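Trainee: predicted model, plus sequence, below.
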Amino acid sequence: MNQQTATRWVRVPMQAGDRVFTWTLTQTHVTRSWQVFITQQDWDPNAPLSRASFNLTPFCQQLF
């Protein structure tokens, strides 16, 4: 995730509505929740990711 180039991370246009996301966890660990954040519309895929790169309101949350 620390390597940033325009060809490594691809923008995926999204419209409002329900989405299904699937994760495969390969190790057992204690997790209380997942929060998923989306990058700002003006995100630069060639710049290192920072807090300012993301909308700070998660668009998806899962509590366990």
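Mentor: Right, received. Where do you want to start?
Trainee: tell me the residue furthest from the middle of the protein?
Mentor: Thr28 (21.5 Å; C-alpha atoms, centre = their mean).
Trainee: look at that one and tell me its secondary structure.
Mentor: coil (DSSP: H, G, I helix; E, B strand; the rest coil).
Trainee: what pLDDT does it get?
Mentor: Per-residue pLDDT puts Thr28 at 87.
Trainee: one more: Met1?
Mentor: As predicted, Met1 sits at a pLDDT of 58.
Trainee: show me the shaky parts of this structure.
Mentor: Within the chain, the segments meeting pLDDT under 70 span 1-2.
Trainee: mind running it again at 90?
Mentor: Residue ranges of the chain with pLDDT under 90: 1-34, 38-39, 41-49, 59-60, 62-64.
Trainee: which non-adjacent residue is nearest Lys37?
Mentor: Small correction: residue 37 is Phe, not Lys. Distances taken as C-beta to C-beta, 6 or more residues apart in numbering put Phe54 closest to Phe37, at 4.4 Å, once the chain neighbours are dropped. Where C-beta positions appear, they are placed from N, C-alpha and C, glycine not excepted.
Trainee: fine by me, thanks again.
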